[in-house]
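In: here is the input, now give the coordinates:
(3 chains)
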Amino acid sequence: MEVGFDYTRSLGPTLSAFMTGLVGGRILGSRSGGQVHVPPLEYDPVTLQPTAELVEVSDVGTVVSWSWMAQPLPGQPLSTPFAWALIRLDGADTPLLHAIDAPLESMHTGMRVQAHWADSRVGSIRDIACFLRVDHELTAMFDDVSAHQLHDQSMTVTPIHLSYTHTASPEESRYLRALAEGRIIGQRCPMCRKVYVPPRGACPTDGVPTTDDVELPDVGTITTFCIVNVPFPGQRTKPPYVHAAVLLDGADIPFSHLVLGCPASDVRMGMRVRAVWKPREQWTTSPQNIDHFEPAGEPDADYETYAEHL
Amino acid sequence: MKQQAAVIGVGQTHHATKRADVSMAGLCREAIDRAMRDADVGWADIDAVVLGKAPDLFEGVMMPELYMAESIGAAGKPLLRVHTAGSVGGATGIVAASLIQSGVHSRVLAVAFEKQSESNAMWALSIRPPFEMPLGAGAGGYFAPHIRAYIRRSGAPVHIGAMVAVKDRRNGALNEYAHLRQPDITLESVQASPMLWDPVRYDETCPSSDGACAIVLASADAVQGRTAAWVKATAMRTEPTMFSGKDHVNPRAGREAAEALWRQAGITDPLAQIDTAEIYVPFSWYEPMWLENLGFAEPGHGWRLTEVGDTAIGGSLPINPSGGVMCSNPIGASGLLRFGEAAMQVMGRAGEHQVEGARNALGHAYGGGSQYFSMWVVSSER
Amino acid sequence: MRDVAVVGFAESPHTFATPGTSNGVEMLVPIFAEVLGKTGLSKADVDFWCSGSSDYLAGRAFSFVSAVDAIGAYPPINESHVEMDAAWALYEAWLKILTGEVDTALVYGFGKASAGDPRRVLALQLDPYVVAPLWPDPDSLAGLQHRMGLEAGLWSEPLTPVPFADGASVVVLASGDRAGDLCDRPAWITRIEHRVDAQLRHWLDVPSARFEVGDVEIAEVHAPYRHQEILLARELGLGDGVAVNGLREGNPMFAAGLARIGTAATHIHDGRANRVLAHASSGPLLQQNLVCILEAR
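Out: As a prediction, this is how the structure comes out:
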């Protein structure tokens, strides 16, 4: 499963100045207690006062340490093998962490490197594309500052996209496999005897896995619900829709699902509903095999029959 | 054996949908600097720092207290990071208090923050493993059905939710830090606002805020004559999110936390003995629900306190004189704001929203699926 | 101050990838049963529960919430959680016992690193403005530290990461008046302290690990890279006579630091030692450190 979002980070005064500098091809550090920190610190490490003084340092510096990235990971500055390095820029006292694009055999502590600026700069640490070895042609790398629009950078955008593999528990897996066959399986807790759907790796009140399978009908009672009218990113159903707690006959806990097939305003607590399955050829091991619930056309359940599930 | 702990300073940020003018550390420091000024302490006085916030996915930073350790004055000191879902602000205050009650430290800084505007909370909360049914609509979609159940169980008239919203938003207008300040809001305007998660209307829900809160706690010796809010009792309780027979309206974890709290504080009649309460009300209907859960009213009767005006400033039990979560909801900080506002009341430092003569106050937070509860009682008397 | 002892410990096998969910339930259920069995406690006898875990490791918000299912937390429990290695959850539980509010505490940690790619996930612990957008991975950061130490003559062996693992661990604490009933030879906590450093500021020293721990027979240290054990031994002042054990089979993040404490306590429980050190770390390059001295009485 992909978990991704482009985070918009507001910067505050110190980091804004730093990012604005990067857009202009300049690197700023903070001065405190006789030391120049690059990147700048927002607060003085000794007095903890907000940083008052920013100073420009060179975009040329010396490698303090390095490590080799033979197989770069997604998102890293280069997609071909490169060196991570701590680089003490001329005029700075603390090293900057960045990437160096250079052959492995050329890498050594003490080597001189210079920032290689990205063609398009947006106010991000990645405006420095990487560092390159300083040979003899120092000047060629520095492009025309005026070509970039210099406005204050108060925000930086950081895309964070991660991939996770979620695994269902053995109990949930039984339930998901049954769903792929159009059946709903609950399980009984061996201690409290309650029927859980989906089954649980641990009964929430007893802390032991649910065990005995109980086949449940796809008919139940709406215990309570709300009508969702609000859109939001990542939503998979277009509002308005009814989000209901459905207590399947024979189960001891309601589960959440969509209710369609009637105007939202007709949905009631106690309404009897029946599952509407997707076409069989679309079934997978997913609770979404049940497309939604719809009114079953039966008389409403008495309040007392579901009151303890509210 | 147990040492006494007291709040000697409270600070908070101006809360807003998007605090685009500050970084995360800057947001925390705005609250911390105010709290330390309020407490009249310097950095050298702080023995340890406790930081609380809700899910790291909101800001896209894993354990942000690590990167900002130095900026919040924690470098070289003990730093704890608490996360107990929406109740975390309260838990942060309680852990900070326990650092003093245990006799380990003399002065502790507690800070809680949320910078939700870096992402989208509705998105972050809707991330579920693919085999779970994706249906929710953030917190509203989760809680609205339980509000419907409360209305059914208690027979409360439908205007109660709107009444609470009006009261809280008008209270917020008295609080210079509140995100929403609406002195002109009316019952009619709330009832005319859009229905978001039926039965919950737009004006009956909390905003989404960036913000932070900080408090400084001290041992009895370290109070040194300062005005203080003495911590009389703390309680935390947890139950599972979903289980067979769970009472979503009046959760047992909340009831038992409150019982333990009143017992520890020596309170036998909370309605009579508590002068004001800051309780976690993200949807206005939760005021009557929590009044019952906390033991201020019998089950099914909490709404009557609201209806007769007892919970307004000037009533017998002002609830959320600061405007509460209905006016500012920086999720992770909201609980510590409740705890801090309770302390401000008994210290007599609540400014325009001061409850006259408040001596004993409750701070309350909850989180998850009404399953994490944290609360404390603070008093002007040692 | 009240006396507090470690009276029980259990841990799951550390495996590269468990089949279970990322909320740790499958790893926790058996070790809860094991540790409660060993101490003779029932779940109702536990006064306070505290855990450590990470949402980012699990890839979802509030991952620790589902973990309370493993407890069977009804009737409701007195419970808290830190977004840290569970060694710090133990610290919170220790405080709670010191206050006198509780006499017993069960502390647990869990992590399923295999749910995501920890080499990318851990980049998110770094400064979100000027470092994390480059996505430096933990091995590369350790590599920078390793080369610096190599060139400074601090070590000569190659860079050796301890592989990430999935795992869970659990420790039971008890106050002085209860510990003797639950364990024949309780491991008394005679000192527990922790500190944090500024991030990526200290490359060859670890100021937050500079604790004078005195004479110990065994030290269980929590270093994700072998060369970091050398830095820790120096900061902790461990002499040549001390048996220093580090992570070997794997690094079950968020459970590993607590497991160091549990393992150290086991040396006392089993009569192998009388005074031992447990150490836990958190954050990039040992940014945060906790020491715990355990003694027999």
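
In: list the contacts for residue 191?
Out: By default, I'm working from chain A. When contacts are counted by C-beta atoms under 8 Å, 6 or more residues apart in numbering or on different chains, residue A:191 touches A:203, A:206, A:208. Glycine gets a C-beta too; all of them are placed from N, C-alpha and C.

In: my question was about chain C
Out: For residue C:191, the contact set (C-beta under 8 Å, 6+ apart) comprises C:213, C:291, C:292, C:293.

In: contact partners for the residue most central in space within chain C?
Out: The centre of chain C sits closest to residue C:257, judged by C-alpha atoms, centre = their mean, with a distance of 1.4 Å. Taking C-beta under 8 Å, 6+ apart, we find residue C:257 in contact with C:52, C:85, C:86, C:87, C:88, C:109, C:222, C:279, C:280, C:281, C:282, C:290.

In: pretty sure it sits in a helix.
Out: Yes: using DSSP: H, G, I helix; E, B strand; the rest coil, the secondary structure at residue C:257 is a helix.

In: would you list every one of the strands in chain B?
Out: Counting by DSSP state E, chain B has these strands, from start to end: B:5-12, B:48-52, B:79-82, B:107-115, B:195-198, B:200-201, B:210-219, B:229-238, B:276-278, B:360-367, B:372-379.

In: of those, which approaches residue C:166 most closely?
Out: strand B:79-82 (22.0 Å; C-beta to C-beta).

In: neighbouring contacts of the closest one?
Out: Identification of contacts with strand B:79-82 by C-beta under 8 Å, 6+ apart yields B:48-53, B:63, B:65, B:69, B:88, B:91-92, B:95, C:80-84, C:88, C:91-92, C:194-196, C:288.

In: repeat the analysis, applying 7 Å as the threshold.
Out: Counting contacts by C-beta atoms under 7 Å, 6 or more residues apart in numbering or on different chains, the residues outside strand B:79-82 that touch it are B:49-52, B:63, B:65, B:69, B:88, B:91-92, B:95, C:82-84, C:88, C:92, C:196, C:288.

In: pLDDT of stretch B:21-32, averaged?
Out: Mean per-residue pLDDT for stretch B:21-32: 98.

In: output the contacts of residue A:191 in TSV; the columns should cover pLDDT.
Out: Output for the contacts of residue A:191, formatted as TSV (pLDDT from 0 to 100):
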residue	pLDDT
A:203	94
A:206	93
A:208	92
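
In: quick one, strands of chain C?
Out: Here chain C has its strands, by DSSP E, at C:4-11, C:48-52, C:79-82, C:104-112, C:164-175, C:187-196, C:218-220, C:243-245, C:251-252, C:275-282, C:288-295.

In: farthest pair within the contacts of residue C:191?
Out: C:213 and C:292, at 9.6 Å, using C-beta to C-beta across the contacts of residue C:191.

In: compare those two (neighbour count), which wins?
Out: Neighbour count, other C-beta atoms under 10 Å in any protein chain shown: between residue C:213 and residue C:292, residue C:292 has more, with 28 against 20.

In: which of the strands of chain C sits closest to residue B:246?
Out: Taking C-beta to C-beta, strand C:79-82 is the member of the strands of chain C nearest to residue B:246, at 16.3 Å.

In: residues contacting residue B:118?
Out: Counting by C-beta under 7 Å, 6+ apart, residue B:118 has contacts A:7, A:8, A:9, B:58, B:59, B:60.

In: among those, who's most crowded?
Out: Counting by other C-beta under 10 Å, top hit in the contacts of residue B:118: residue B:58 with 27 neighbours.

In: the closest residue to residue B:299 other than its chain neighbours: what's it in contact with?
Out: Using C-beta to C-beta, 6 or more residues apart in numbering or on different chains and skipping the chain neighbours, the partner closest in space to residue B:299 is residue B:292 (5.1 Å). Going by C-beta under 7 Å, 6+ apart, residue B:292 touches B:250, B:298, B:299, B:301, B:302.

In: emit the PyMOL select command for whichever of these are buried.
Out: Command for PyMOL that selects the buried part of the contacts of residue B:292, burial taken from 16 or more other C-beta atoms under 10 Å in any protein chain shown:
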select buried, chain B and resi 250+302
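
In: look up phi and psi at the closest residue to residue B:164 other than its chain neighbours.
Out: Of all residues not flanking residue B:164 in the chain, residue B:284 sits nearest, at 3.7 Å (C-beta to C-beta, 6+ apart). Main-chain dihedrals, residue B:284, degrees, to the nearest 10: phi -60, psi -30.

In: buried ones in stretch B:73-90?
Out: Buried, per 16+ other C-beta under 10 Å, within stretch B:73-90: B:73-75, B:77-90.

In: enumerate every residue touching residue B:279.
Out: Contacts of residue B:279 (C-beta under 7 Å, 6+ apart): B:290, B:319, B:320, B:338, B:362, B:364.

In: how many neighbours does residue 255 have?
Out: This is for chain A. Applying other C-beta under 10 Å, I find that residue A:255 has 21 neighbouring residues.

In: oops, chain B please
Out: When neighbours are counted by other C-beta under 10 Å, residue B:255 registers 19.

In: for the nearest residue to it once chain neighbours are set aside, grab the count of nearby residues.
Out: Once flanking residues are discounted, residue B:255 sits nearest to residue B:293: 5.8 Å by C-beta to C-beta, 6+ apart. Residue B:293 sits with 27 neighbouring residues when counted by other C-beta under 10 Å.

In: can you tell me which of the contacts of residue B:292 end up in helices?
Out: residue B:302 (DSSP state H).

In: now for the contacts of residue B:292: which two are most distant?
Out: Applying C-beta to C-beta across the contacts of residue B:292, the maximum distance is between B:250 and B:301, 11.6 Å.

In: just the C-alpha atoms of stretch A:286-302, please, in PDB.
Out: The C-alpha coordinates for stretch A:286-302 follow below in PDB (Å, rounded to 0.1, in the frame of the first residue of the first chain):
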ATOM      1  CA  SER A 286     -11.800  -8.000   0.200                       C
ATOM      2  CA  PRO A 287     -14.600  -6.600   2.300                       C
ATOM      3  CA  GLN A 288     -15.400  -4.500  -0.700                       C
ATOM      4  CA  ASN A 289     -16.900  -7.600  -2.400                       C
ATOM      5  CA  ILE A 290     -20.000  -6.300  -0.500                       C
ATOM      6  CA  ASP A 291     -20.700  -3.200  -2.500                       C
ATOM      7  CA  HIS A 292     -23.100  -1.800   0.000                       C
ATOM      8  CA  PHE A 293     -26.200  -2.700   2.100                       C
ATOM      9  CA  GLU A 294     -29.700  -1.900   1.000                       C
ATOM     10  CA  PRO A 295     -33.100  -2.000   2.800                       C
ATOM     11  CA  ALA A 296     -34.200  -5.600   3.300                       C
ATOM     12  CA  GLY A 297     -37.900  -4.600   3.300                       C
ATOM     13  CA  GLU A 298     -38.500  -6.200   6.700                       C
ATOM     14  CA  PRO A 299     -40.100  -4.400   9.700                       C
ATOM     15  CA  ASP A 300     -37.600  -2.400  11.800                       C
ATOM     16  CA  ALA A 301     -35.900  -4.300  14.700                       C
ATOM     17  CA  ASP A 302     -37.000  -3.300  18.200                       C
END
